[in-house]
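S.K.: What would the 3D arrangement of this be:
(chains A and B)
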Amino acid sequence: MANLMTNPQTKSGSPYRLVIAALLPLVLLGLMIYWLLGNGSNLFNTPEIPADELSATKIEFHPNEIQVKLRNTGPDELTITNVLVNGAFIHQYEISPSNTLGRLNTATITIPYMWEEGKPYVIGTYTANAFIFDFEVPAAISTPTVSWDYIKTFFLMGAYVGIIPIFLGFLWLPILRKIGEKSISFLVALTVGVLAFLGIDTILEGLELAGKVPSVFHGVPLFIMAIGIGFFGIVGIEALVKKGKGRISSSGLLLSYMIALGIGIHNMGEGLAIGSAFVLGEVTLGTLLILGFTVHNVTEGIAILAPGAKQKINWVHLILMGLLAGVPTVFGGMIGGFAYSPVLATIFFGIATGAILQVIVECWGLIRGDRLATKLQAAPNWIGLAAGFLLMYLTALFVAG
Amino acid sequence: MKKTLWIIAVFAAIIAVVGSVYFFLPTENQQVQAKNHSSEHGKEHETNTASGEMPNATPLDPTKFDYGKKSVGPNGQTIKEFEIVAEDRMMEVSDGVEFPVWTYNGTVPGPTIRVTEGDYLKIKFTNKGSMPHTIHLHGIHPANMDGVFETVAPGGSYVYEFTAELPGLYLYHCHQDHVKAHINQGMYGTFIIDPKTPRSPAKEYVMVMNSYDVDLDGEGNEFYTVNGKAFEYMHNPIQFKVGEPIRIYLVNMTEIDPINSFHTHGNMFNFYRNGTKIEPDEITDNVILAQGQRGIIEMTYKYPGKYMFHAHQSEFSDLGWMGLFQVTE
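M.R.: Residues are numbered from 1 along each chain as shown, chains lettered A, B, ... in the order given. Next comes the predicted model:
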C-alpha cells in the first residue's frame, strides 16, 4: 500500500478507490456464485440430467496387473461403480484415492489381471449414473519404467530418427556450395518446400492430438495458442541473439541456426509421437519404422544448411546445429515414453508448428523480389519449392504406418 | 586440411550407419528379457509374440476316444485314470490362419474322455500353460471336484476324482475367469459316460461345434468349425457305407453367438438330448443347441453319394462350419 501511495503514476483519485474498483466486481461475482450454489440452485427449475465424462490419462501394463489412470473431465462429481476388462466384470480391483471423483480429479484403478503381451484390451468403467466408458488398448505392451534399458532404447531411437540423418544431410554441403554459387534462392526455396511439408504434417498431427484431449481442456484453442508461442518464441530468440552481436549474428548463419531450432522442436514432437505410440502399443519400434524416419529426416540436414551455403561455415557450427536439430528427438522420445499426456503433446506440436511457420517466413524473406507473385514466377524459386516438397513426400513413403 | 576433415566426416558417417545395423538389436533383447521375466514367475512358456516357436495344436480326431488307464480298486470298483495337460499352442483354425490357443493335451477341442457308468475317475490335470486353468466337468460330483474354485496356477496340478453316474453325453471346459476368453481360446472337450449295457454297435464320431474370435474384439466370431478346423470335412469327407449305423456325439461350445445348429442332408436322424434316455426326443434333420447343450444323433443312410452336413445358420456354414459325408455302397 505504501508503495502505491508514493507511486507518482496514480494520478486520478485515491489509490484506495482504485483497489475497491478492482475488487468490487469480484466480490459481487463471488456473492452471486455463493447464492447460485446455495438457495438459488433451483433458479431455472430444470431437472438434473447427469452428464458424466471420464477420460483415461494413461493405461499401464505391469506384470499381472493393469493400472488405469482416470480423470473426471465432466461437469459434475462422479462415482466409479464397476470395472470390466474385455467385456467381463472384474470382481477384485482397487481404486485410489477414492471411487468418487470430484470435477477434474484423478483416480488410479489397479486391476490384478494376467494380461498377455500383444493382445488387445478394452477397459470399461461404469459410473453410478450408469454411464459406461471404454478405453481401448490395441496391443498391450509392458509399460516402461524409467530404467537404463529404456533410456538406451529411446536414446538410440532419437539418434537414428534425429541426429544421424541430419549429419548425413550435412555431408552434401560441398554440393550445396556448388549450387549456391549459381542460385542461392533455389536452395532457400528448397528449404521452404521441406519446411512447408513439415509444417503441414505437424499441423495435421497436432489437430489429431487436440481431438484426443478431453473437451474440458480445449484441445484446439490450446494448439493454436501454442502455435503463437512457437512463432513469437522464435522471433524473440532471434532478436536476443542479434542483440548479443555474437559470432552467429550474421544473417545466413543465424537463419541456419533458427531453422535448426525450428526443426529441433519439430523433431522433439516427432520423438514424442514415436515414444508414446511405442508405449501405447500402437507401433513396434521396428527397424522399418526407424529406417523410414531416418531416410525422411536426411532432408532436414539439407534444409538447415541451404540458406547459408554460400558462406563459410565453421565445423563447430555444423556440429552445434546438428545437435540443436537432432538431440531434442531423444528427449521427445523419453517424455513420450515415460510421461505421455495428450495435453502435453498438443502443446508440443503447436509450438513446433509455430516455430516452423516463423522459419518459413524468414526464409521466404531471403529470396529476392518484391512481391510474392514475382518471387514465384522465378524458375529457381518454384522449382526449389517443388523439389523440397517432393523430396519430403517421396522420403515420407519410407515411413511405414 | 579441409579435404581431410571431409574424409573424416564421411568415415564417421559410414561407421554410424554400419554401427546402426548392429546396434539396433535392443528390441530383440527386450523380448528375451520379457521371456526371462515371465519364467521367473514360474511360467515355462514362450510368449505369444514369439508365435513361430510355439508347437502346433491339432484338430480333434472324431473317432479317437480316451478310455484311460484301467485298474481295479480295493473294493472291486473299476478305476479309470486320465492325464490331461494344459499347454499354449498355435492352431491353424482355417487354411493358413494361425491363432494362439490354450489346449488340453494339444488339441482343440480337447480329448474325448470316455468311461462306463460306475467307474471311479481319476483325472490328473497339470497346467503347463501361461494362464491359470481348471477342468470343470458337467455331471454329478462333489463340489471340490467341480473345477471352479480350485484354480490350477501355471506349473500346478490337481486330481479330479469321482464315480461316474447317470450314463449320457457330457462335456468339460475351463472355468477360470474370464471363462469366455478360455472358451474362445479352445479349452473344452467331450465327456461320455456309457451305460453298463452298451449302446447298439455303430460307427461313432464326436463332433464339437465351436467358434473363434481371432481378432479378440469380443464382437463376433471370424470362424466356426466342427472339431477345430474350418471346412476340415469339406476337404476330407467322413466316409461310411449305405445301411451302416452311425452315431454322432454332438456338443456345442460356440462362444459369443447364443446358438449353433446341426443339419444333415438327405436323411433324418434320431436325436437323444444329453443321451440320458433310451427313447429319442425327436426325429429330425436339424437341431438347435445353446452353448453347453449336447445330444446323441443316430442314423443310417439309405442312398450312396455325397451329403452335406452343416450349421443351418448360413453365416456359420459360410465361415467354416460345413462338411461332407461320403456314403458308399
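
S.K.: Show me what B:Asn286 bridges to in the sheet.
M.R.: With DSSP bridges as the criterion, B:Asn286 is bridged to B:His263.

S.K.: got it, and B:Phe223?
M.R.: What pairs with B:Phe223, by the bridge criterion (DSSP bridges), is B:Tyr212.

S.K.: list the buried ones in stretch B:305-319?
M.R.: Neighbour counts over stretch B:305-319 (16 or more other C-beta atoms under 10 Å in any protein chain shown) mark B:307-311, B:313, B:316-317, B:319 as buried. Placement of C-beta: from N, CA and C, glycine included.

S.K.: Identify the spatial nearest neighbour of the closest residue to chain B within chain A, chain neighbours not counted.
M.R.: Relative to chain B, the nearest point of chain A is A:Ala88 (3.9 Å; C-beta to the nearest C-beta). Distances taken as C-beta to C-beta, 6 or more residues apart in numbering or on different chains place B:His178 nearest to A:Ala88, at 3.9 Å, with adjacent residues excluded.

S.K.: quick one, what contacts the residue in the stretch 101-250 of chain B positioned nearest to chain A?
M.R.: Per C-beta to the nearest C-beta, B:His178 is where the stretch 101-250 of chain B lies closest to chain A, at 3.9 Å. B:His178 makes contact with A:85-86, A:88, according to C-beta atoms under 8 Å, 6 or more residues apart in numbering or on different chains.

S.K.: what residues does chain A put near chain B?
M.R.: By C-beta under 8 Å from any C-beta of the partner chain, the part of chain A that sits against chain B consists of A:63-64, A:85-88, A:91, A:114, A:116-120, A:122, A:142, A:149, A:152-153, A:156, A:160, A:164, A:167-168, A:170-171, A:174, A:284-287, A:290, A:315.

S.K.: burial measure for A:Asn82, as a count.
M.R.: Per other C-beta atoms under 10 Å in any protein chain shown, the neighbour tally for A:Asn82 reads 16.

S.K.: how would you label it: helix, strand or coil?
M.R.: What DSSP: H, G, I helix; E, B strand; the rest coil gives for A:Asn82 is strand.

S.K.: residue contacts, it?
M.R.: A:89-90, A:125-126.

S.K.: CSV for these, including neighbour count?
M.R.: Converted to CSV, the contacts of A:Asn82 look like this (neighbours: other C-beta atoms under 10 Å in any protein chain shown):
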residue, neighbour count
A:Phe89, 13
A:Ile90, 19
A:Thr125, 26
A:Tyr126, 18
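
S.K.: one step back: would you mind measuring from the residue nearest to A:Ala88 to A:His91?
M.R.: 10 Å (C-beta to C-beta, to the nearest Å).

S.K.: Could you do A:Phe135 as well?
M.R.: For A:Phe135, the distance to A:His91 - C-beta to C-beta - is 19 Å.

S.K.: More neighbours: those two, which one.
M.R.: A:Phe135 (16 against 8).

S.K.: what's the helix or strand for the residue nearest to the spatial centre of chain A?
M.R.: The centroid of chain A falls nearest to A:Phe348 when counting by C-alpha atoms, centre = their mean (2.1 Å). Assessed by DSSP states H and E, A:Phe348 sits inside helix A:342-366.

S.K.: same for that helix, what does it pack against?
M.R.: In this structure, helix A:342-366 packs against helix A:184-212, helix A:219-244, helix A:251-279, helix A:315-338, with contacts taken as 3 or more C-beta pairs under 8 Å, 6 or more residues apart in numbering or on different chains; DSSP states H and E.

S.K.: Highest mean neighbour count out of the ones you listed?
M.R.: Mean neighbours per residue, mean count of other C-beta atoms under 10 Å in any protein chain shown, is largest over those for helix A:251-279, with a mean of 25.

S.K.: Can you name the element that comes right after it?
M.R.: helix A:287-305.

S.K.: neighbours of B:Ala86, just the number please.
M.R.: B:Ala86: 29 neighbours (other C-beta under 10 Å).

S.K.: Check which helices and strands the longest strand anywhere in chain B is in contact with.
M.R.: Counting by DSSP state E, the longest strand found in chain B is strand B:78-94. When contacts are defined as 3+ C-beta pairs under 8 Å, 6+ apart, strand B:78-94 sits against strand B:56-59, strand B:69-72, strand B:97-104, strand B:113-116, strand B:120-127, strand B:223-226.

S.K.: List of residues touching the last one?
M.R.: Residues outside strand B:223-226 that contact it (C-beta under 8 Å, 6+ apart) are B:59, B:93-94, B:97, B:207-212, B:214, B:230-233, B:254, B:260, B:311, B:316-317, B:319-321, B:323.

S.K.: got it, and the fifth one?
M.R.: When contacts are taken as C-beta under 8 Å, 6+ apart, the neighbours of strand B:120-127 outside the stretch itself are B:68, B:73, B:77-86, B:113, B:115, B:133-135, B:137, B:152-164.

S.K.: which element is A:Lys152 on?
M.R.: Here A:Lys152 is assigned to helix A:148-158, by DSSP H and E.

S.K.: Mind giving me the packing neighbours of that helix?
M.R.: helix A:251-279, helix A:315-338, helix B:26-40.

S.K.: list the buried ones in that helix?
M.R.: In helix A:148-158, counting by 16+ other C-beta under 10 Å, buried: A:150-151, A:153-158.

S.K.: got the contact list for the residue nearest to A:Leu187 when sequence neighbours are not counted?
M.R.: In space, and not counting its chain neighbours, A:Leu187 is closest to A:Ala306: 3.7 Å by C-beta to C-beta, 6+ apart. When contacts are counted by C-beta under 8 Å, 6+ apart, A:Ala306 is found next to A:176, A:180, A:187-188, A:190-191.

S.K.: Now render the residues you listed as TSV, adding pLDDT and distance to B:Phe223.
M.R.: Formatted as TSV, the contacts of A:Ala306 follow (pLDDT from 0 to 100; distance: C-beta to C-beta, whole Å):
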residue	pLDDT	distance to B:Phe223
A:Leu176	84	58
A:Gly180	76	63
A:Leu187	82	58
A:Val188	83	59
A:Leu190	86	53
A:Thr191	85	54
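
S.K.: how about the residues you listed, which pair is most distant?
M.R.: Using C-beta to C-beta, these span at most 11.9 Å, a distance reached by A:Gly180 and A:Thr191.
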